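Colleague: Next comes the sequence, and after it the predicted model I'd like to discuss.
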Amino acid sequence: MKFRDIIGQEDIKKYLLSTVRENRVSHAQLFYGPPSSGKLSLAVAYAQYVCCTNKSEFDSCGECPSCKKYGKLIHPDLHFVFPVVSATGKASISDTYIEQWRTMFLSNPYLTLNEWLYCIGAENKQGSIYAEEAREILHKLNLKTFEADYKVMIIWLPERMNNSTANKLLKMLEEPPDKTLFILVADNHEEIIPTILSRTQPVKIPRIDSKSLSDVLLSKFEISEAEALEICHMSEGNYLEAINHINTSEEFIYFFDKFVSLMRHAYSKNIYELVKWVSEIAPTGREKQKSLMDYSLRMVRGNFIINSKVPEMSFLVKKEMEFSTRFSAYITTNNVEKISDAFEKAAYHIERNGNARIVLTDLFFNLIVLLKAR
């Protein structure tokens, strides 16, 4: 992965390059920012540049033995940690899934947690970084480097560490072996325990700028410049969201249909349809349920903005706008905060292994009351 392969983020690239040129590579860094903004790709490109034996001022060479191994994610001094699921007969560590990880990242460097968990067959499990992983990290980083000057440990979604895992890593983060580089890549850095945060140098990764994202979309898809700009506006710098807007993905259609049916059944107080809706959603797995809650929150906020007479700020696509033009009248200053709270509460309880049928049924009855309170 070279810096030139990453969409936008020119200021971040310049900063990272300068830390290497000026010998200011911090041993523990936290790349954080919104999903699908290129954080993980930047981490890999940065590590490749640090280890490149023929680097230029602006990028790794891509041709030296180190770069070729980095290009396949098989460099012996490059290590990955990411959320996994516990399974009978399998160690709950990243190395168990490393082949799937390499395939997934190389095919989609902007991958999301949901896509990754689906890839490894997580089903109803949420994915964590377990204490067993911490022992592997300590073992690997206490060994001498095989080929490069630096041993690199990239930890994707460190917010998925439990406290036991994090506590075992504290000393290593504070006093790592010489020439060791930790790069933590987080979507929600506020959820990382403070003792880990305090031992890392934060690097905020912004959303992809519209110009860079638009140029990529125009080069890959047969769309007009106006369509590309509209999609960039709606996706808010999220590369995968932009692709989904173009492809009208199955997941987008699923979430849209489930949100629409939920709101219609709640407004009409249709208990029979409620039972059917809950029965359909409850078996889908917690990650998909949380994603539906997140999508619903976006729709609620988008509808409130439409009702506030600033539809250009709603970031909704055409299909969503067609529904929201009528539905937005029911999302007002009187109920938008409480409706948002209801979805956030449902997501919170799903995250903490609450019974999905109870959580979703409670959400439904809350919406019946709140939609009438406009």
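Modeller: Structure's in. What do you need?

Colleague: any idea how far residue 91 is from residue 167?
Modeller: Counting by C-beta to C-beta, to the nearest Å, the separation of residue 91 from residue 167 is 20 Å. No exception for glycine: its C-beta is placed from N, CA and C like everyone else's.

Colleague: For the closest residue to residue 251 other than its chain neighbours, identify the helix or strand it belongs to.
Modeller: If you skip the residues right next to it in sequence, residue 251 has residue 244 as its closest partner in space, 7.2 Å away by C-beta to C-beta, 6 or more residues apart in numbering. Taking DSSP states H and E as the definition, residue 244 sits inside helix 239-247.

Colleague: Helix or strand next in line after that helix, which one?
Modeller: Moving on from helix 239-247 towards the C-terminus, the next helix or strand you reach (DSSP H and E) is helix 250-268.

Colleague: quick one: buried residues of that next one?
Modeller: Burial within helix 250-268, assessed by neighbour count using 16 or more other C-beta atoms under 10 Å, is assigned to 251-252, 255-256, 258-260, 262-263, 265-266.

Colleague: what about the strands in the stretch 201-350 of the chain?
Modeller: Remark: strands of the stretch 201-350 of the chain, listed N- to C-terminal, are 201-204; assignment by DSSP state E, counting those that start in this stretch.

Colleague: Send me stretch 127-141 as PDB with only the CA atoms.
Modeller: Provided in PDB are the C-alpha atoms of stretch 127-141 (Å, rounded to 0.1, in the frame of the first residue of the first chain):
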ATOM      1  CA  GLY A 127     -16.100  -9.400  17.800                       C
ATOM      2  CA  SER A 128     -13.500  -8.500  20.400                       C
ATOM      3  CA  ILE A 129      -9.700  -8.300  21.000                       C
ATOM      4  CA  TYR A 130      -9.200 -10.800  23.800                       C
ATOM      5  CA  ALA A 131      -6.600 -11.100  26.500                       C
ATOM      6  CA  GLU A 132      -5.100 -14.100  24.700                       C
ATOM      7  CA  GLU A 133      -4.200 -11.600  22.000                       C
ATOM      8  CA  ALA A 134      -2.200  -9.400  24.400                       C
ATOM      9  CA  ARG A 135       0.100 -12.400  25.200                       C
ATOM     10  CA  GLU A 136       0.700 -12.800  21.400                       C
ATOM     11  CA  ILE A 137       1.500  -9.200  21.000                       C
ATOM     12  CA  LEU A 138       4.000  -9.200  23.900                       C
ATOM     13  CA  HIS A 139       5.600 -12.400  22.500                       C
ATOM     14  CA  LYS A 140       6.000 -11.000  18.900                       C
ATOM     15  CA  LEU A 141       7.400  -7.600  19.900                       C
END
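
Colleague: buried set for it?
Modeller: For stretch 127-141, burial by neighbour count (16+ other C-beta under 10 Å) applies to 127-134, 136-137, 141.

Colleague: avg pLDDT for that stretch?
Modeller: Averaging the model's pLDDT scores along stretch 127-141 yields 85.

Colleague: Show me what the worst-scoring helix or strand of the chain on mean pLDDT is in contact with.
Modeller: When each helix and strand of the chain is scored by mean pLDDT, DSSP states H and E, helix 239-247 comes last, with a mean of 75. Residues lying outside helix 239-247 but in contact with it, judged by C-beta atoms under 8 Å, 6 or more residues apart in numbering, are 7, 35-38, 110, 112, 208, 213, 216-217, 221, 223, 231-232, 234-235, 249, 251-252, 317.

Colleague: Among those, filter down to the buried ones and hand me the ChimeraX syntax, if you would.
Modeller: The following ChimeraX command selects only the buried members of the contacts of helix 239-247, with burial defined by 16+ other C-beta under 10 Å:
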select :7,35,36,37,38,110,112,208,213,216,217,231,232,234,235,251,252,317
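
Colleague: The contacts of helix 239-247 in helices, which ones?
Modeller: Judged by DSSP state H, the contacts of helix 239-247 include 213, 216-217, 231-232, 234-235, 251-252 as members of helices.

Colleague: so which of those comes closest to residue 188?
Modeller: When the ones in helices among the contacts of helix 239-247 are compared for distance to residue 188 (C-beta to C-beta), residue 235 wins out at 19.2 Å.

Colleague: so the closest one makes contact with residue 214?
Modeller: No: under the criterion of C-beta atoms under 8 Å, residue 235 makes no contact with residue 214, lying 10.5 Å away.

Colleague: Please report phi then psi for residue 81.
Modeller: With angles defined as degrees, to the nearest 10, residue 81 sits at phi -130, psi 140.

Colleague: For it, which residues are in contact?
Modeller: Residues in contact with residue 81 (C-beta under 8 Å, 6+ apart) are 94, 129, 133, 137, 153-156.

Colleague: In strands, which of those residues appear?
Modeller: Cross-referencing the contacts of residue 81 with the strands (criterion: DSSP state E) gives 153-156 as the overlap.

Colleague: Okay, residue 37 and residue 95: tell me how far apart.
Modeller: Per C-beta to C-beta, residue 37 is found 27 Å from residue 95.

Colleague: hang on, the earlier thing: export the ones in helices among the contacts of helix 239-247 to CSV and tack on pLDDT and distance to residue 178?
Modeller: Supplementary listing: the ones in helices among the contacts of helix 239-247 in CSV, determined by pLDDT from 0 to 100; distance: C-beta to C-beta, whole Å:
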residue, pLDDT, distance to residue 178
213, 88, 40
216, 85, 39
217, 86, 44
231, 79, 47
232, 81, 44
234, 74, 47
235, 78, 42
251, 70, 45
252, 73, 48
